[in-house]
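A.B. asks: Based on what follows, work out the 3D shape:
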Amino acid sequence: MDTKLVETFLEIVATGSFNTAAAQMNIGQTTVSARIRTLEDQLERPLFVRHKGGAALTPAGRQFLRHAPNFVQLARQMRRQVAVPQGHRAILAIGGEMSLWQPLLLDWIRRLRAECPDIALRVQVDAPGTLIDQVAAGLVEAVVIHAPPQRPGLRIDLLADDRLVLASTDPAADPANGQTLVGADWGPDFSQGFVSGFPAFQGAGVTFDPGPLAADYILAAGGSGYFRQRDIAPHLASGALHLVPDAPQFPYPVCAVSSSQADPDLLGPALSHLRKVAPSG
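C.D. replies: Reported below is the predicted structural model:
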């Protein structure tokens, strides 16, 4: 069975329409229709009922949907393994969000190359939502992100507890002062919590994405902002930064997200090495 046929089926299910699926896949609607006809011929069952509003699954289509994602995931994994570089026995695809590149992701890659030299690595840095989709689709074995949502078929392992704390170069800083508070993108959960904690705040004059860049800025120019407590611990100890008293703090756990369908012989050692380089305490 051609993987493209199954991928087209899944795209129609996701979008609810042959037309929208064609646009998302950048192919013609006739191509989409032809692929589904071929798939239905191979399965000897109709998969969709088309109507004005789009397309609905038949009972056979709903049954096929239970197996289609695993089929596509397995096919993609097989393609990757066939393309293993010379001198390696397998390819491991890993990733993480940009704010975790230094030092966690970099340390993980270094350790994997040192301890598992026969494993080729493919590394992806992207937005958390994109990374989770990549794991769910079988394109990436494991990623490191903050506060991932629960999702069927995915395994979440806590690597380290961290918190977002408000710190300033001025010990007497006003946390709601938009002229001195530097904004930082720490994700939607933080944004919601910040709005609740500072309902009168009118917005920052400078905002950074990714968030860790903001610390470099205020250390050079002065100001205040929310940062991961582990990152700024040395600056708090030296007196370069000060925690703002009574300011709300927000949990910011670091987690590994992996597929429950991933090869345990490949994923197990990789996660073990990740835990060894993750911050502790």
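A.B. asks: chain center to stretch 118-134: distance?
C.D. replies: Taking Cα atoms, centre = their mean, to the nearest Å, the mean C-alpha location of stretch 118-134 is offset from the chain mean by 8 Å.
A.B. asks: Show the end-to-end separation of it, please.
C.D. replies: 24 Å (Cα to Cα, to the nearest Å).
A.B. asks: can you list the domains in this protein?
C.D. replies: Listed by automatic domain parsing, the domain ranges of the chain are 3-66, 72-158+254-277, 163-251.
A.B. asks: Dihedrals phi and psi, Ile91?
C.D. replies: Main-chain torsions, Ile91, degrees, to the nearest 10: phi -120, psi 130.
A.B. asks: next one: Phe201
C.D. replies: Backbone torsions for Phe201, taken as degrees, to the nearest 10, come to phi -70, psi 130.
A.B. asks: For the domains of the chain, give me JSON lines that also has mean neighbour count and mean pLDDT.
C.D. replies: Yep, even glycine has a C-beta here, placed from its N, CA and C like the rest. Output for those, formatted as JSON lines (neighbours: other Cβ atoms under 10 Å; pLDDT from 0 to 100):
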{"stretch": "domain 3-66", "mean neighbour count": "16", "mean pLDDT": "92"}
{"stretch": "domain 72-158+254-277", "mean neighbour count": "17", "mean pLDDT": "90"}
{"stretch": "domain 163-251", "mean neighbour count": "16", "mean pLDDT": "88"}
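A.B. asks: any residues touching whatever helix or strand Val165 lives in, and which ones?
C.D. replies: Using DSSP states H and E, the element containing Val165 is strand 163-168. Outside strand 163-168, the residues that touch it by Cβ atoms under 8 Å, 6 or more residues apart in numbering are 175, 180, 186, 190, 218, 223-229, 232, 235-236, 241-244, 247-252.
A.B. asks: before we move on, what about stretch 174-189?
C.D. replies: Against stretch 174-189 from outside (Cβ under 8 Å, 6+ apart): 99, 128, 146-147, 164, 166, 168, 170, 173, 191, 198, 200-214, 217-218, 222-227, 244, 247, 250, 252.
A.B. asks: For Ala90, give me its contacts.
C.D. replies: Going by Cβ under 8 Å, 6+ apart, Ala90 touches 81, 84, 118-120, 263, 266.
A.B. asks: can you do 6 Å?
C.D. replies: Applying Cβ atoms under 6 Å, 6 or more residues apart in numbering to Ala90 gives the contacts 119, 266.
A.B. asks: do the one 5 residues further on as well
C.D. replies: With contact taken as Cβ under 6 Å, 6+ apart, Gly95 is in contact with 124, 131, 140, 143.
A.B. asks: Same question for Ser259.
C.D. replies: Ser259 touches Val135, counting by Cβ under 6 Å, 6+ apart.
A.B. asks: That one and Met1, how far apart?
C.D. replies: Applying Cβ to Cβ, to the nearest Å, the value for Ser259 to Met1 is 21 Å.
A.B. asks: Going along the chain, name the helices of the protein.
C.D. replies: 3-15, 18-25, 29-43, 59-65, 68-82, 106-115, 128-136, 188-197, 213-221, 229-238, 264-277 (DSSP state H).
A.B. asks: which one of the ones you listed lies closest to Asp157?
C.D. replies: When those are ranked by proximity to Asp157, the top entry is helix 264-277, at 6.6 Å, counting by Cβ to Cβ.
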